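Asker: based on what follows, work out the 3D shape:
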Amino acid sequence: MSDIQDRTIQATAVGATLVAGAVGLPGGGATQMGGSVACPVCRMMNSQLETYCAECGFLLGSTPGADAEPQAEETGCSLTDDRTGRAFPLHAGDNTVGREACDVLLLDATVSRRHAAVTLTDGGLTVTDFGSTNGTQVDGAPLPANQPTPAGHGSVIRFGSSSLTVSAPGRAADEAAPAPVAAEPVATEPAGDAVATLTDTTDASFVIALTCGDTTLGRRQTCTVPLANDPYVSGLHALVTCDELGCTLADSGSTNGTLMNGKRLAPLQPESLLDGDEVQIGRRSFAFRWIGPAAPEADEPAEAPLPNPATGDQEP
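Answerer: Modelled structure (predicted):
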């Protein structure tokens, strides 16, 4: 009995020590309660767990105007948010763009935590997408992941749904055309057993021959027609099924969808393809052409024999 009481007393003593620590009494470390902290720049209240102000992006806990770190050499280049008008100065080298702890901090849910980099060198300015969820565009052209693309003064860069304009005097935008997407090798002449073709509307040499059966299109190398150079194409993006009478097109549940004549197809629901239809998969548009055997025509009725003028009988 006394042994049990001793253990109970010891447990109580330990409990008392824990309580003392919780309220900051001597003998225990104080436990901090969650609270808020005001941003010294915009006065926005932020959780103490936040590192940067949710409103203006200022580093909480630092002093405005204090030179905590050596300032980067001014380059005269910047990115200006087209919506808010805020200008982000660019330093020489890599300027990271994203939603967390980046040089260009964009508080936009469509922007990835580490979305892209804008690199400033003596030779110019490039933009590199880090494989972000919603992609990066330069003057409307989507960028492939992890491939630096030139930009210049006046270029509009879109990160997710946020658009920023480049101010880079001396770096002309007309020298910053994005590199075209390399075409996958596809036969320019349809195979002998092809019943239809899909021809790239901007590159007539890019022709997909469609034969009877299923033709899969996607980024995977296991697809019948791999479109590996387009990050907007899903692994298995679309399916074309053909027979002697025609072809159908079905979206395979792709992320960015499949369009026929500008209309997005419902996933996994085949639609008939007609000669001249336009199909969009990722960044490519194709014109559909039917070249297969024509549908059998109905037999014309035999002409009735003419009567013999001499006898009035029907001639054989």
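Asker: the closest residue to Asp108 other than its chain neighbours pairs with what?
Answerer: With C-beta to C-beta, 6 or more residues apart in numbering as the criterion, Asp108 has its nearest non-adjacent residue at 4.7 Å, and that residue is Ser162. Where C-beta positions appear, they are placed from N, C-alpha and C, glycine not excepted. Under the criterion DSSP bridges, Ser162 forms beta bridges with Phe159.
Asker: just to check, Ser162 is in contact with Leu105?
Answerer: No. Applying C-beta atoms under 8 Å as the test, Ser162 and Leu105 come out as separate, 10.9 Å apart.
Asker: could you check how far Thr201 is from Thr241?
Answerer: With distances taken as C-beta to C-beta, to the nearest Å, Thr201 is found 22 Å from Thr241.
Asker: give me the neighbour count for the residue nearest to Asp108.
Answerer: 21 (other C-beta atoms under 10 Å).
Asker: in contact with it, which residues?
Answerer: Counting by C-beta atoms under 8 Å, 6 or more residues apart in numbering, Ser162 touches 81, 83, 106, 108, 110-111.
Asker: again, only using 10 Å
Answerer: By C-beta atoms under 10 Å, 6 or more residues apart in numbering, Ser162 lies in contact with 81-84, 97, 99, 104, 106-108, 110-111, 115, 134.
Asker: need the overlap of contacts for Ser162 and Leu105.
Answerer: By C-beta under 10 Å, 6+ apart, Ser162 and Leu105 have these common neighbours: 97, 99, 111.
Asker: model confidence over stretch 76-96, on average?
Answerer: The pLDDT scores in stretch 76-96 average 90.
Asker: ok, the nearest residue to Val225 once chain neighbours are set aside to Pro267 distance?
Answerer: Nearest residue to Val225 in three dimensions, chain neighbours excluded: Leu217, at 4.9 Å (C-beta to C-beta, 6+ apart). Per C-beta to C-beta, Leu217 is found 15 Å from Pro267.
Asker: okay, these two: which has more neighbours?
Answerer: Leu217 (28 against 12).
Asker: for the more buried one, name its beta-bridge partners.
Answerer: Beta-bridge pairing of Leu217 under DSSP bridges involves Val225, Ala238.
Asker: remind me which residues of the protein are low pLDDT?
Answerer: Within the chain, the stretches with pLDDT under 70 are 1-34, 49, 52, 54, 56, 64-74, 170-192, 293-316.
Asker: please redo it, this time with the cut-off set to 50
Answerer: 1-33, 67-72, 173-191, 295-299 (pLDDT under 50).
Asker: any idea where the helices of it begin and end?
Answerer: In chain order, the chain shows helices spanning 2-23, with DSSP state H as the criterion.
Asker: thinking again about what came up before, distance of the residue nearest to Asp108 from Asp81?
Answerer: For Ser162 relative to Asp81 (C-beta to C-beta), the value is 7 Å.
Asker: tell me how far the ends of stretch 105-113 are from each other?
Answerer: Using C-alpha to C-alpha, to the nearest Å, the end-to-end distance of stretch 105-113 comes out at 9 Å.
Asker: need the contact list for the nearest residue to Ser47 once chain neighbours are set aside.
Answerer: Distances taken as C-beta to C-beta, 6+ apart put Ser36 closest to Ser47, at 6.2 Å, once the chain neighbours are dropped. Residues in contact with Ser36 (C-beta under 10 Å, 6+ apart) are 44-48, 50.
Asker: can you point out the buried residues in stretch 128-142?
Answerer: Neighbour-count burial for stretch 128-142 flags 128-130, 132, 134-139, 142 (criterion: 16 or more other C-beta atoms under 10 Å).
Asker: which ones among those residues lie within strands?
Answerer: If you go by DSSP state E, the buried residues of stretch 128-142 have 128-129, 136-138, 142 in strands.
Asker: can you tell me which of those residues is nearest Val166?
Answerer: Relative to Val166, the closest of these is Val138; by C-beta to C-beta it sits at 9.0 Å.
Asker: make CSV out of the contacts of Ser162 and add distance to Gly61.
Answerer: Converted to CSV, the contacts of Ser162 look like this (distance: C-beta to C-beta, whole Å):
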residue, distance to Gly61
Asp81, 25
Asp82, 31
Arg83, 28
Thr84, 24
Val97, 23
Arg99, 19
Val104, 21
Leu106, 21
Leu107, 18
Asp108, 24
Thr110, 28
Val111, 24
His115, 25
Asn134, 31
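Asker: now list the buried members of these.
Answerer: For these, buried by 16+ other C-beta under 10 Å: 81, 97, 99, 104, 106, 108, 110-111, 115, 134.
Asker: what about Arg158, distance to Leu265?
Answerer: On the measure of C-beta to C-beta, Arg158 and Leu265 end up 26 Å apart.
Asker: let me fix that, I meant to ask about Gln48.
Answerer: 49 Å.
Asker: kindly report the same for Asp277.
Answerer: For Asp277, the distance to Leu265 equals 12 Å [C-beta to C-beta].
Asker: equivalent analysis for Asn134, please.
Answerer: From Asn134 to Leu265 the distance is 21 Å (C-beta to C-beta).
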